[in-house]
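Enquirer: need a structure here:
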Amino acid sequence: MREAQKMMKDPAFQERMKSVTDNPAFKTSMESTQEMMKDPEKVKELEESMKKRVEEGNKELEEFKKKSAELEEEEQRAKKELKPKNKQMKKKSSSKKKGKKKGKK
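Expert: Here you go, the predicted structure:
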């Protein structure tokens, strides 16, 4: 709350809000919203629409969380499969021998 109060007292914020509220499109929008709010049936319709959208958003969020968790598990399994095991790994030796020169007599 303190941060909000501090922000609202800021002259730059006050100037931005004044420019927004003086905008004719904003004024028209606010007037139409106020008219809609006077009609109880319209308010009920808007509330139901909002509730439906929130439920859809929550459902999408849950699906995303589930998919994200599945991908993380899959990534962990892939990391474990690719992780080399030191005991079973042998050093690869080169077929070329270093240090010996051929053809020197």
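Enquirer: Let me see the contact set for residue 21.
Expert: residue 27 (CB atoms under 8 Å, 6 or more residues apart in numbering). Every residue, glycine included, has its C-beta placed from N, CA and C.
Enquirer: cool, and residue 14?
Expert: With CB under 8 Å, 6+ apart, residue 14 has these contacts: residue 8.
Enquirer: got the residue ranges for the helices in this structure?
Expert: 2-9, 11-21, 24-38, 40-82 (DSSP state H).
Enquirer: and the gap between residue 77 and residue 70?
Expert: Applying CB to CB, to the nearest Å, the value for residue 77 to residue 70 is 11 Å.
Enquirer: tally of neighbours for the nearest residue to residue 42 once chain neighbours are set aside?
Expert: Among residues not flanking residue 42 along the chain, residue 36 sits closest, at 4.9 Å (CB to CB, 6 or more residues apart in numbering). If you count neighbours by other CB atoms under 10 Å, residue 36 ends up with 12.
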